[in-house]
Structures are given as C-alpha cells and as structure tokens.
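> Sequence isn't available, so here's the structure alone:
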C-alpha cells in the first residue's frame, strides 16, 4: 500500500464554493435555485455560489474549474443529484483544478427535495437549504486523502471446471494470464461432459466440449488442480491467497499415461456417479473416457488392495498407495467462481414414485441411457425388465416452480425434455408414444421455439397440467405406470406409460454456502450466489476481484454459461490488466493509542477486513485496506472510540447534525 | 431409477444387495450353512462383517455366533465367498455366481485336496453318514445302469458288477477328514486347507462350560472328558475355523492359532492382508519368503516396524 505524499500545503483559510444544479427542470421546477444560491452565499466559509443548468456537463465542469482557480477555492460543494451517480465525475473535475478529490462534497437536493416534494416547492426549497447547510458544514472539515494503491498479482483462479469455467480459463490463458482451474472432481467438464446431445442442434455434447477440455489440459498458461478442495481464501483483489487441498488419487500424475491397463486388471466395481449410479466403474478408473486430466484414481472406499494395478502398471510405477493429501497455497489477483449446480433428488416427493417404482427416472438418468458410452450402451430400457418402453411420459417442473420446494424455474428443463422427446421419437418413430406433461413450455432463446415446433410436428403429445394433484401409480404386475394430473380448468388427465421421466429441479451446490462464506460473497434467497447487480453487472460480485460465471449464480443453459464464462474472463482481465488496484481511501483507521484489542470490531465486520493482531507487546486492531468497504460498522461498534472513517469522522458528522439543527458551529 | 442398497434379513438368509439399472450385486449368507466361525470376519478387506455372540439361555446349549454384514462397507468383492470353509457365503452378479477377484487373479482360491477313489470302495458297503455335513453322496448302479435304491436289499448275485460314484460338495467342505477315517482305507484322502494349533486350558474354563463344544460343527473335533467333564480338542479333526473361539466366554481359555492356508499360487496384496488377519504377521512373512516376494515382505515389515524374519 502506497500513500503518496501530499503535494500541496493547505491554505489556512477554508474557502468553499457552492454550485447549485438546475438539472433541466428536475430541480428548478420545484426549488427556487436563485433563492438557494443566495442563501448558500450567507453560509460560513462560502466565498462563491452560483447556479447552473448542468454542472455535470463538460461546460459545467469547466466553469467549476475556473471558479476554483479564480476564487482560490479550497472546498467544492455541488448541490444536485445523488453522489452515487456523479460524485466520481466531480471528484475528477476538482482534481483537474489541482484540488484533492476528497475535498469535494455533494448535497443531494434532487432525490431528497425536488423529486419527493413536487407539490410543496416552498418547503422543498427550505429542505434543500438545510441539505446544503449540512454539506457546507461537513465540507469545511473535509481532509484531503490519497487513493490506496494495492499491488496486482497477474494470476487468476477459476473455481469449478464446468463449461463456464472452461471458457473463462481459456480466454484468460489466451490473454496471457496464468490460470489455475480448481476442480472438485477427478475431471473438468462438468455436467456437459455427461450429456449425450445438446439442444436445440442435437450436437454430440462431449464432441464439442471435449476439444475445449483438451485445450485446457494442454494450455501452457493453465494449471488444473483437479480432485482438490478449497480450504481457505484470504486477502483481497489483486492479492488473494487461496489454500487448496489436493486429495490423493493414489496415482502419481506425472507417471500415469492414462493407458487403462490398471483398470482392466482391477477386480472391483462400484456404482459410477457419472452414470447416475446406473452403471459401474472400477476401483481404479477414470469417471469417463474423455476425462481431463487423464489420470486414474483409486477409490480406497472400495479397493481391496490386491495390487493387481501395481503389477499392470509395471515399470511406469504410477501407483502409490502411500500418497497423502497435499496442501498448497496459491496467490492470485482475481477469482472466477463457476461451481455449477446440483440436481434435486425427487425421492421425497412421493407422489411421483421416484425411488419406489423402478421405471420412474430422472432426466439425467435418461440422458445416460441415451448415451452410447452410457451404462446400457445407448439402449433406453426399463429397469424392471430390461425392455424397451413403448410409451414414455415426461413430467415437467418436478420441484421447480413449486412454492413448497423451489420457487424458481430451473430454466433448461423444458428444452432438454424436448430434446429427449425428439430423440426418442425420431429414433423409434411409431413404435413409441411420447407424452410431455408440462405446466408452461419455455423455449425463449435462439432456435428454441423452432425446436419446440419440430417436437410438435414429430407427433409428440403435449398435455398441459397443473402443478397440483399430480400422481404416478404403478401396476405391481407389469410395472407399467399411470400418470394422473389436472388441466388448468380442473379436468382430469390420465396417461399410461411404460416409463416416466421427471424433469427434477436443479438446485444450488451443496458446497455453495461454505464457499460463499470463505469468499465473503452473498447468497440469494434461492441459494445461488448473488451478483452485484442482476441486470448490468451480472458477473460481478460485491467483492472486487471475485466474479461469477455459469449456473452457480442462477441456472443457465450451455450457451448462456459459455457467454458468462467469457464475460467473467473479460471482467477478471480488466482487473488483472492493471498495474495496481486503487482503493477508495475511505477505510477504517485505528488509533493505536486508544485500541484495547477487544476484538469487537473483528466480530462485527462482514468483510473480514479488521483483525486483532499482536504488534510488539500489544494486541491491536489492524485493517486490511483491500478488504475494507468503508461501511463504518467497526467505527460505531468500537467501545474505545478508537476507529474512525476518514471524512466520516465524529467531528464531521456532529458538524452536519449541528448544521441541520441550526446550532451553528461548535465553539 | 436411483441406486438401491438393500439389506434383507430372513430366517434362513441374510442378503446384501446393490440394485443398479443394469446390474444386480448380491451377497447372500446361508444361515443354515453358516457355523458362526471367524473366517469371513477376519478375511473381509473392508471390515464389513461382524460376529455377534448370542445370549445364552440357562439350561440350553450355547448358540453359534451370528454373522452380521454392513451394507455401507461391503463392496461385493467375494473374498468371504472364496474363504468361507463351509460355503455359506455367495456373491452373485445378475443372479450368476461371480467371483471377479478369482477371475482377475487378484485373490487365490482355496485348495481343497479331497481325493476319492471309488475303485477301492468295497462293494455294497454301507456309506451313509460318513460326512457330518452330509456333503458326500455315494451312488451305486447295477451293471445295466439302474440306480440302486437300497444296497442292503440286493442279493449277492445282484451285487456283482455294481458300479459306484462318489459325489462330494467340495465348495462346502471344511476338510475335517472325518470321512477319511470313517471310510475303508484309501477310499477318501483329505488334506486340511487350514493348518494350525488349538489348545484349551481347562483350568481357565468356567465350571461346567461347554459352549465351544456346543457350537463346534465338526463332531469329535472337541470332546468332553469322561472324568472331569472338561472340553478337550482333537487336532486330527479340528479345521481351525474358530466357531469355538467366537463363543468362548473367557479370555485365553481357548487358544487358536492358524499357521497356514493352502491356496492357489498367486501374488496378491489382498491375500497377504487376509492371511495376516487370519494367521499372524509372522506367518505372512514366512509365506512371502517362501514365495520370494521381497517387495511385499519389505512393505509388511515397514508397516509393522519390525523385522519379522
């Protein structure tokens, strides 16, 4: 952190200039700006006051700069709109006239007066006068500040190697930044690597994602830390320290050639989560053939330690049963969070019979049955008898759009159901009857509505049913199913099917809350990470330097996730590209003589920005300036009055209060 | 359909099951064949099998220990199936008996050396009840191929030209050698596949306790002395399965040591570990030395932190 020396010595007498904005008619139609300007001139230390139409315009700014120079102003107050909008503009303006930008103060007479009191102009003008009076009182006491410059580590971490993370990683690596991709599972790829086809083009999913995964694997700027957990995140933009545990695979990565001879020798099988536990994998194996990195892993929960794999590996000596978890620390300047989502297990919604009736499936299970590399070799067969179904009923919104479960729409279920329906219908033609029981068909992006039309033309039966009163029953003999529902106007619907496929809700990762806690980023009420502003800052979080991509910030389909990956990459690059990161100098200041090291500040700070540390023989609160957001909560909580916020000091605030109460300056 | 993991406990069988969409793994313990011995408990690489002593009712015989299997730990490897001396464990995949550890040569099969020479069987000899587990079936056929129902009813003339066949259910045979002794010389020859030593210290036995004898599946492997009413072992018939040890109420009263297990020649870490639990680290090191597996020996010694040999 570098504080630049003050350039200029302050003149002794404070000379304040007040500029009243007319804001077209936004302010002037209610407030008597002439009266306000005249009033401002009467305030203590005010040596100049004028009103103008748009101070924020280039011409307005020039006039302010001229006035600063001609009248030798040492403080500037603009009475206009919200500082949220134009404070940075005016700070730049005054600094161009060689005035420290933090010697500028804004009085909001638009939102606080003209807009909210349009029918009482006289009172509104009086209120505006009080607002200006407060601003002038504070301005007198403002102190010049210097921005805090934080050094920038030109490295970035992507948490989660699904399709969003992959795109963010590749973009950033191509820009020349060193990228760490931290992936919890054995391979990057995420859900997309498990899909058979993608809508609406029916492209083979792994055929389009696989090359990107390979690119990530061999990019010289990318390091994949797979089968790894994030343990701790410390620091702030430009200077994050992330502690990671690399879990043991019991296979030495650099020696493993990915040949698979160990897998062939292994006698033990266990249910493969990548196959939705419908198929099996060996105790030493990869989750799927296209895994990146292609390193085998021994699952010690199932391994019987016969060491056949050791024999099979032979001279390559890649297997090491003594491998231990390894903790590493990585420094990065920015973080992209792209941890994706989980799938809701609908077993607790008993009316659908999932888990109870063997021929009720989730959509992802059907996806694995359709996949040629899946557990059945691409055969869609029933679990009860291994026979191909003659009729399939798809039920939409299982858990989604349900105020008792997940109120939100999962977003991509309508489209993947259309995909499944079309794939089955186009493959089996008249040999299969397909019913889609939906609440609303949502096909709102490029090519999606057209795909819906294709499904309708293919002879798929679409039946609109309400969310309520749905029920699946099974014939205990044939294991065939009957789906009951109701139309919007209450008419009963009954569909018989050999197989039922549920579009179960997608839900936040079960690890999301813990990660949010570590990163200090907020989580919305639906459990997904909260973006800074949902419309115009969709990939920013509230924490500078931490960005969101993909479904972890709310459910998204593949094209949307890909775009977000690239968007987050661009955002991260705009941070990483700087030589240093300037922080608003309004950060907590600790008076070390007063601090008792009581840790109250530590407990109230929501940003982990203030911590009590041992300094010499005393324990004192220390502020991490990169993390401090200047909220002031520590300052108000401190029982010793040891913490202050620059330009929001007690003296300044009291001066404002006295001003508004008409008490004049404190003697 | 989600993966189903099931455990079913019925009067005659305890079953663990993984029901996957395309595969069904099942481990069945046949309670009628199980004698409550220690072998599977010790052999299981996942420590998924536990023995539970059964409470004893006054005046009644001791009950054999009950085998319980942990669904969360079992991986259906089938090592219990391979090693069960009584053939009480069975692993099936999709209904078929499947031992992938044996197929993949990652675990050796037991060698049950049972030689039957039917030609040495005297004609018409009474052969019933030579096996305490009823695993031997002797069938006679007349010269013209008709099965003989009851050999005692045949005339001497009919007995001429009789043909004989001896069928033994080897998978369930603990190789106690009782048949060898009961049968006329040279007809049956049996070698034990578990060798060891059993010792009972009568002075440590609670007064009047015959729990070990109550549960011993091999008649004559343990016997009650006529005078002091104490139980003594007979090493000739003992198969060292440990059913007795599992129910013995006192520490040290019954010493059971297994020293070797006859098995197919194979290098397997899983076998070494099973053998170590069934016998002792010393015995494993001996076997490894005999096999010339220096690397495996080193690893055992490193793990135990002492030089076994």
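Ah, there it is. No experiment lies behind these values; they were computed from the predicted model shown.
> contacts and neighbour counts: CA atoms only from here.
Noted.
> what residue lies at the spatial centre of chain A?
For chain A, residue A:548 is the residue whose C-alpha lies nearest the centre (CA atoms, centre = their mean; 3.3 Å).
> Contact residues of the stretch 151-300 of chain B facing chain A?
By CA under 8 Å from any CA of the partner chain, the part of the stretch 151-300 of chain B that sits against chain A consists of B:268-271.
> got a list of what the residue in the stretch 201-350 of chain A positioned nearest to chain B touches?
Going by CA to the nearest CA, chain B is nearest to residue A:306 of the stretch 201-350 of chain A, at 4.1 Å. In this structure, residue A:306 makes contact with B:106-107, B:268-271, judged by CA atoms under 8 Å, 6 or more residues apart in numbering or on different chains.
> now with 7 Å?
Listed by CA atoms under 7 Å, 6 or more residues apart in numbering or on different chains, the contact set of residue A:306 reads B:106, B:268-270.
> Assign a three-state SS to it, would you?
Per DSSP: H, G, I helix; E, B strand; the rest coil, the local secondary structure of residue A:306 is coil.
> give me phi/psi at it?
In terms of degrees, to the nearest 10, the main-chain angles of residue A:306 are phi -80, psi -20.
> how much space between it and residue A:555?
From residue A:306 across to residue A:555, the span is 44 Å (CA to CA, to the nearest Å).
> how near is residue B:245 to residue A:543?
65 Å.
> higher neighbour count, these two?
Counted by other CA atoms under 10 Å in any protein chain shown, residue B:245 and residue A:543 do not tie: residue B:245 has more neighbours, with 25 against 18.
> ok, and the closest non-adjacent residue to the more buried one?
What sits nearest to residue B:245 in space, not counting adjacent residues and going by CA to CA, 6 or more residues apart in numbering or on different chains, is residue B:254, at 6.5 Å.
> In a helix, residue A:331, correct?
No. Under three-state DSSP, residue A:331 sits outside any helix and is assigned strand.
> Surely it and residue A:237 touch.
No. Applying CA atoms under 7 Å, one finds residue A:331 not in contact with residue A:237, separated by 10.8 Å.
> Helices of the stretch 151-300 of chain B, start to end?
Applying DSSP state H, counting those that start in this stretch to the stretch 151-300 of chain B gives helices spanning B:156-159, B:178-182, B:211-215, B:243-247, B:269-278, B:281-291, B:294-304.
> Point out the most buried one among those helices.
helix B:243-247 (a mean of 24; mean count of other CA atoms under 10 Å in any protein chain shown).
> Show residues contacting that helix.
B:35-38, B:53, B:64-65, B:211-212, B:215-216, B:254.
> Look up how far residue B:143 lies from the residue located most distally from the centre of chain B.
Here chain B reaches farthest from its C-alpha mean at residue B:157, the gap being 42.3 Å by CA atoms, centre = their mean. According to CA to CA, residue B:157 stands 11 Å off from residue B:143.
> go on, residue B:249?
Distance, residue B:249 to residue B:143, by CA to CA: 56 Å.
> Need the residue closest to the centroid of chain B.
Mean-position check on chain B, CA atoms, centre = their mean. Result residue B:85 at 1.4 Å.
> Let me know whether that residue touches residue B:172 as I believe.
Yes. In this structure, residue B:85 is within contact of residue B:172 by CA under 7 Å, at 6.4 Å.
> Regarding the nearest residue to residue A:546 once chain neighbours are set aside, what is its secondary structure?
Distance criterion CA to CA, 6+ apart; nearest residue to residue A:546, sequence neighbours excluded, is residue A:335 at 4.8 Å. Recorded secondary structure, residue A:335: strand (three-state DSSP).
> Now do the contacts for residue A:335.
Residue A:335 neighbours (CA under 7 Å, 6+ apart): A:156-158, A:545-547.
> go with 6 Å
Neighbouring residues of residue A:335 by CA atoms under 6 Å, 6 or more residues apart in numbering or on different chains: A:156-158, A:546.
> Can you tell me which of those residues is nearest residue A:146?
Nearest to residue A:146 among the contacts of residue A:335 is residue A:546, at 24.7 Å by CA to CA.
> ok, that closest one to chain B distance?
37 Å (CA to the nearest CA, to the nearest Å).
> Just give the number of residues close to that residue.
Neighbours of residue A:546 (other CA under 10 Å): 27.
> and it, what does it touch?
Residue A:546 touches A:334-336, counting by CA under 6 Å, 6+ apart.
> Close to chain B: what parts of the stretch 251-400 of chain A are there?
Within reach of chain B by CA under 6 Å from any CA of the partner chain, the stretch 251-400 of chain A has these residues: A:267, A:277-278, A:302, A:304-307, A:355, A:358, A:360-361, A:383.
> Make a markdown table out of these and add pLDDT and distance to residue B:120.
Output for these, formatted as a markdown table (pLDDT from 0 to 100; distance: CA to CA, whole Å):
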| residue | pLDDT | distance to residue B:120 |
| --- | --- | --- |
| A:267 | 97 | 43 |
| A:277 | 96 | 56 |
| A:278 | 96 | 55 |
| A:302 | 97 | 49 |
| A:304 | 96 | 45 |
| A:305 | 94 | 46 |
| A:306 | 94 | 43 |
| A:307 | 94 | 45 |
| A:355 | 95 | 60 |
| A:358 | 95 | 57 |
| A:360 | 97 | 63 |
| A:361 | 97 | 63 |
| A:383 | 94 | 55 |
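> Now for those residues: which two are most distant?
Taking CA to CA as the measure, those have their most distant pair in A:307 and A:360, spaced 39.6 Å apart.
> Between these two, which is the more surrounded one?
With neighbours defined as other CA under 10 Å, residue A:307 and residue A:360 compare such that residue A:360 has more, 30 against 20.
> circling back: out of the residues of the stretch 251-400 of chain A next to chain B, who has the most neighbours?
residue A:360 (30 neighbours).
> my read: that residue touches residue A:354, true?
Yes. Contact criterion CA atoms under 6 Å: residue A:360 and residue A:354 qualify, at 5.4 Å.
> Near the residue nearest to residue A:583 when sequence neighbours are not counted, how many other residues are there?
Closest residue to residue A:583 apart from its sequence neighbours, by CA to CA, 6+ apart: residue A:148 at 5.0 Å. Counted with other CA under 10 Å, residues neighbouring residue A:148 total 20.
> Report pLDDT for residue A:148.
According to the prediction, residue A:148 has pLDDT 90.
> Distance-wise, check it relative to chain B.
When residue A:148 is compared with chain B (using CA to the nearest CA), they lie 55 Å apart.
> Quick check on that residue: phi, psi?
Dihedral pair for residue A:148: phi -90, psi 130, per degrees, to the nearest 10.
> coming back round to it: mind putting the helices of the stretch 151-300 of chain B in JSON lines, mean pLDDT included?
Below are the helices of the stretch 151-300 of chain B laid out as JSON lines (pLDDT from 0 to 100):
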{"stretch": "helix B:156-159", "mean pLDDT": "72"}
{"stretch": "helix B:178-182", "mean pLDDT": "90"}
{"stretch": "helix B:211-215", "mean pLDDT": "94"}
{"stretch": "helix B:243-247", "mean pLDDT": "95"}
{"stretch": "helix B:269-278", "mean pLDDT": "93"}
{"stretch": "helix B:281-291", "mean pLDDT": "84"}
{"stretch": "helix B:294-304", "mean pLDDT": "70"}
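> I'd like those laid out as CSV, including distance to residue B:80.
Below are those laid out as CSV (distance: least, CA to CA, whole Å):
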stretch, distance to residue B:80
helix B:156-159, 45
helix B:178-182, 25
helix B:211-215, 20
helix B:243-247, 15
helix B:269-278, 10
helix B:281-291, 19
helix B:294-304, 22
